Structure formats: structure tokens, C-alpha cells
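Engineer: structure here, sequence nowhere to be found:
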């Protein structure tokens, strides 16, 4: 069976009653996944993660075994406010607060057809400022532009922290990437590239520091062995607390960001 045919078959799986599945779930193939997995997002959406080689029958059996767990977590989902644009963007990791000011299409100074930046910072300071959003708030392009701005802020805030921690840990990484990952907060490649999720900005500084330490320690131990965790503990004695907080960390991310990440 071809990949296209397999994906189509997966998308047609009856996860729940026919009236409940429309728009409430999706299937995502992941080359990096080692086993079948499931996530329940804040809006109640369910994502089934499928590794290479898994077919429709395996996914169907997986869902059947975990149906009760999935339904319990869907009922507990807080159904966050996904309204866009946000009135204000709070970034605890960097201590910034940004008020959002919308300039609708046709207003004086609004860009013509995609010309000029759709997101522009005004009256900036170390503590934030005002963000001018120029365009149609129903247009996904503006959502994407705001997420790109968030990536820029993450690079500005996280790269100096990572460099300082690397010096303190005696570690040397090759480069930093800021990404818009849907499932990972960070990663470290064997070549020394550290990738960080822009959504880390919505966490408190101690949790962000733990994640940076975690990835830097992977430069020494590319695993989660006992030696790896001992090294992490040398630089963050409270890593267990921070790890638990990070594991539940998507609850800290605003709804509009989650929806844009999954668009």
C-alpha cells in the first residue's frame, strides 16, 4: 500500500461516534516516532502520532485500547480561548509584555497587498511595548507573521542565555535554531545543533534555564542515561520539579499560538 493510500485510510478511522470525530482529531505521521502515541490538546483536539510502517489496523487497535484515556482527557481539556488577535502577549521567560494594536486593511498606513511588515514593534523597551498588527485578523498570513515575530523574540532572548550557560557548563554547541515545533520543547543533534521551541517564552525563567541545561548536557551524553541526569543535576539541582512543569507546559501557551502551530 502506498504512503498516500495508507494516510487516507488512517484519516478514515472511526475513533469515536461518527458525530464526534469531525474536526476533533487528526493523524500525523512522524519519521522520528518510535511507537504510536496520542496527544490531547487544550481545545480538545486529539492527535494520533504514527511511526513509519504502522498501518491502519495497528492504529485502530491503539485507539481502541486508549479510548477511555482519550475521552477522559478530552473532557478535562480547558478549551482555551483561541480568539485572534490577542489583546496582550506576556512573555515570562524574557519579562516582556506587549500590547497588540490592530491596523485593519484600508486604514491609513495599512500595507497594500502584502507590502511592508505585517507586525511592527512600537515604543519598545526592555519590558516590551506595543505591537502593531497590520492586516486582516481573519487572514492566516497575519497569524503566521505574529508567530514569526515570536520566533525573533525567542532568538533575541534565548541565544544569549544559551551562550552564557554553555560557557558555565564548559560545553560548546555548533549553532542554535529557533523552531515552531508542535511536540518538542528542544532537541540537540549529534552535530551540535540545538533547537529550541519559540513557545519556551511562555515559561518562567527557571524552567527555561532547565531546558537549556538539558540540551547542553546532551552534547556530552546523547541519551537519558544515569550519567546524563547526574550531569543535569550538577547544573540544576531542582531539575525534577522543572521537568514536571515543562511536561505540562502546553497549558502555558496561549490558544492562538497553538492554533497557528497546527494550521
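Structural biologist: Looks like it came in fine. What you see is a predicted model, and the numbers here were worked out from it, not measured in a lab. Numbering: from 1, shown residues only.
Engineer: remind me which residues of the stretch 101-250 of the chain are low pLDDT?
Structural biologist: Scanning the stretch 101-250 of the chain for pLDDT under 70 picks out 106-116.
Engineer: for it, just list every one of the strands.
Structural biologist: 119-125, 128-134, 175-179, 186-188, 193-197 (DSSP state E, counting those that start in this stretch).
Engineer: residue 219: which of these is closest?
Structural biologist: The minimum distance between residue 219 and the strands of the stretch 101-250 of the chain falls on strand 186-188, with 6.3 Å, by C-beta to C-beta. Placement of C-beta: from N, CA and C, glycine included.
Engineer: could you give the angle of the longest helix seen in the chain to strand 175-179?
Structural biologist: For the chain, the helix that runs over the most residues, judged by DSSP state H, is helix 140-169. If you take axes from the mean of the first three to the mean of the last three C-alpha atoms, to 10 degrees, helix 140-169 sits at 150 degrees to strand 175-179.
Engineer: how close does residue 32 get to residue 45?
Structural biologist: Per C-beta to C-beta, to the nearest Å, residue 32 is found 21 Å from residue 45.
Engineer: which one of those two has more residues nearby?
Structural biologist: residue 45 (17 against 10; other C-beta atoms under 10 Å).
Engineer: pLDDT at that one, what is it?
Structural biologist: Note for residue 45: predicted pLDDT of 76.
Engineer: just to check, it is in contact with residue 26?
Structural biologist: Yes. Counting by C-beta atoms under 8 Å, residue 45 does reach residue 26; the two are 7.1 Å apart.
Engineer: any buried residues in the longest helix of the chain, and which?
Structural biologist: By neighbour count with 16 or more other C-beta atoms under 10 Å, helix 140-169 contains the buried residues 142-143, 145-147, 149-151, 153-154, 157-158, 161-162, 165-166, 169.
Engineer: and residue 248, how many neighbours does it have?
Structural biologist: The tally of other residues near residue 248 (other C-beta under 10 Å) stands at 8.
Engineer: that one and residue 149, how far apart?
Structural biologist: Using C-beta to C-beta, residue 248 is found at 26 Å from residue 149.
Engineer: residue 137 too?
Structural biologist: Taken as C-beta to C-beta, the span from residue 137 to residue 149 is 15 Å.
Engineer: go on, residue 245?
Structural biologist: Residue 245 is 26 Å from residue 149, by C-beta to C-beta.
Engineer: returning to what we had before: quick one: list the elements packing against the longest helix of the chain.
Structural biologist: On a contact count with 3 or more C-beta pairs under 8 Å, 6 or more residues apart in numbering; DSSP states H and E, helix 140-169 meets strand 88-91, strand 119-125, strand 128-134, strand 175-179, strand 193-197, helix 205-217, helix 226-235, helix 255-261.
Engineer: now distance to residue 99 and mean neighbour count too, for the ones you listed, in a markdown table please.
Structural biologist: A markdown table is the format used below for these (distance: least, C-beta to C-beta, whole Å; neighbours: other C-beta atoms under 10 Å):
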| stretch | distance to residue 99 | mean neighbour count |
| --- | --- | --- |
| strand 88-91 | 5 | 17 |
| strand 119-125 | 9 | 13 |
| strand 128-134 | 5 | 19 |
| strand 175-179 | 23 | 16 |
| strand 193-197 | 24 | 21 |
| helix 205-217 | 22 | 22 |
| helix 226-235 | 36 | 15 |
| helix 255-261 | 15 | 20 |
